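>>> have a look at this prediction, sequence included:
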Amino acid sequence: MERLSLREFEAAAHDRLEPAHYDYFAGGAGDEITVRANEVAFERLGLLPRVLRGTVKLQTGVTLLGSRAAMPVLVAPTAFHRLADPEGERATARAAAAAETIMIVSMAATVAVEDVAAAAPGARLWFQLYVQPDPAFTEAVVRRAEAAGCGALVVTVDSPVLGLRERDLRNGFHDLPEHLCCENMRDGDRVRPIAMSPGLSWEHIDRLRDMTALPIVLKGITHPEDARLALGHGVSAIMVSNHGGRQLDTVPATIDLLPDVVAAVGGAVPVLLDGGVRRGTDVLKALALGAAAVAVGRPVIWGLAADGERGVTRVLGRLRAEVEHALTLCGCASVSDLEPGMVRRLC
Ligand SMILES: Cc1cc2nc3c(=O)[nH]c(=O)nc-3n(C[C@H](O)[C@H](O)[C@H](O)COP(=O)(O)O)c2cc1C
Ligand SMILES: CC(C)CC(=O)C(=O)O
């Protein structure tokens, strides 16, 4: 039977994945309060439709930092795709290319960014970076991303240390199996571990800004004051993210944080959001509240584990169909017709 909702893909992925790998993908930090909050917060919001607006032709495309996406749903950077499917990030990239949307390739990908690009001609790739303590190595990785054709650098700023993930500790999941590694961390004939840097500061963002002409997206902004500060450091976009609840537990749901960040940014740069997006209606709520687009993390992994490239294609296709359907029901011909007055608290 055809899987209809993203939740059905998660069930299929659960059946297929090794339990410790399922837990790594699904889990979060501490009591997983933020993991749950991200989804629950969307459920607490309702959409208030407009009627009689003659919405025959729909416009779901968005242009972000010069990259055109056919829908306002991006693939969030997630690590270790080859734990879910032998083709790993190659399969994800092909599905993202077919969906004509942007894939943010993780620094912790199990396929090198050059090979991801080669596997999916026409893919719109951005590259996610954890700034490393060795500036020369950070620069080498940035050059690789540029040479592979990535259109933006997504710098993750919510991880001065790794979140405390109790499922992984309990399962003893620390490392990839022998045959896999983080291919973007190769340095000559060794593979460096990914370092989380508690010393990361705005100065590092300034250095990156000087190092590359690529637009910089800061991923992991939750406080409006940090959003305001970011504008003074030449960033091209802000991504409201709590890392899917995998870093600091008890950070509020991203959809609840979005309006204050949007107000702080005041239209100066696009604001993106990830965390808990599971339905087309969630996408509409985020866009109505001021996001330029959203990204999905776990749903892509569930599609990949359930059915490889085809599974990711289905997940992205379902989301697109749901976005189109909900837009029509909301009386919006274009995603730009959504506005904050169409979102109301349900409970
Ligand atoms: C298994 C997994 C691995 C992740 N790996 C990364 C990563 O390498 N870099 C990063 O910036 N964020 C990473 N994230 C966070 C995602 O980019 C994103 O913020 C989060 O998954 C969004 O929430 P969602 O899964 O509810 O859609 C990861 C998330 C998951 C679930
Ligand atoms: C390799 C990890 C640091 C990837 C990550 O960001 C995550 O698991 O959330």
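Now that the structure is in, tell me what you want to look at. Residues are numbered from 1 along each chain as shown. Ligands and ions are numbered 1, 2, ... in the order given.
>>> flag every residue of the stretch 1-150 of the chain that's near ligand 1.
Within the stretch 1-150 of the chain, the positions lying close to ligand 1 (CB under 6 Å from any ligand atom) are 25, 38, 76-79, 106, 108, 128. Where you see a C-beta, it was placed from the backbone N, CA and C, and this is true even at glycine.
>>> farthest pair within those?
Farthest-apart pair in those is 38 and 108; separation 20.8 Å (CB to CB).
>>> compare these two (neighbour count), which wins?
Here residue 38 and residue 108 are compared on neighbour count by other CB atoms under 10 Å; more neighbours surround residue 38, at 27 against 19.
>>> which SS class is the more buried one?
Using DSSP: H, G, I helix; E, B strand; the rest coil, the structure places residue 38 in helix.
>>> which element is the residue lying closest to it once chain neighbours are set aside on?
Computed as CB to CB, 6 or more residues apart in numbering, the closest residue to residue 38 that is not its neighbour in sequence is residue 276, at 2.9 Å. Assigned by DSSP states H and E, residue 276 belongs to no helix or strand.
>>> mind listing what residue 276 touches?
37-42, 244, 253-255, 282 (CB atoms under 8 Å, 6 or more residues apart in numbering).
>>> neighbour-wise, give me the winner out of those residues.
residue 254 (30 neighbours).
>>> quickly note the distance from it to ligand 1.
To ligand 1, residue 254 is 8 Å away according to CB to the nearest ligand atom, to the nearest Å.
>>> any idea of the pLDDT on that residue?
We have a pLDDT of 99 for residue 254.
>>> list the contacts for it?
38, 41, 222, 240-242, 273-276.
>>> list just the nearest of these to residue 87.
Of those, the one sitting nearest to residue 87 (CB to CB) turns out to be residue 274, at 23.5 Å.
>>> for that closest one, which non-adjacent residue is closest in space?
Spatially, and ignoring its direct neighbours in sequence, residue 274 is nearest to residue 295 (4.1 Å; CB to CB, 6+ apart).
>>> circling back to that earlier point, any chance of the residues of the stretch 1-150 of the chain next to ligand 1 in JSON lines, plus pLDDT and secondary structure?
Output for those, formatted as JSON lines (pLDDT from 0 to 100; DSSP: H, G, I helix; E, B strand; the rest coil):
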{"residue": "25", "pLDDT": "98", "secondary structure": "helix"}
{"residue": "38", "pLDDT": "98", "secondary structure": "helix"}
{"residue": "76", "pLDDT": "99", "secondary structure": "coil"}
{"residue": "77", "pLDDT": "99", "secondary structure": "coil"}
{"residue": "78", "pLDDT": "98", "secondary structure": "coil"}
{"residue": "79", "pLDDT": "98", "secondary structure": "coil"}
{"residue": "106", "pLDDT": "98", "secondary structure": "coil"}
{"residue": "108", "pLDDT": "98", "secondary structure": "coil"}
{"residue": "128", "pLDDT": "98", "secondary structure": "strand"}
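>>> check those one by one and keep those near ligand 2.
79, 108.
>>> which among the residues of the stretch 1-150 of the chain next to ligand 1 count as buried?
25, 38, 76-79, 106, 108, 128 (16 or more other CB atoms under 10 Å).
>>> quick one: the strands in the stretch 151-300 of the chain?
Here the stretch 151-300 of the chain has its strands, by DSSP state E, counting those that start in this stretch, at 153-156, 186-187, 190-191, 216-221, 237-240, 271-274, 293-296.
>>> closest to ligand 2 out of these?
Minimum separation from ligand 2 across these (CB to the nearest ligand atom) falls at strand 153-156, 6.9 Å.
>>> how about that closest one and ligand 1, touching?
Yes - interface with ligand 1: strand 153-156 contributes residue 156 (CB under 6 Å from any ligand atom).
>>> give the rounded mean pLDDT of that strand.
The average of the pLDDT scores along strand 153-156 is 98.
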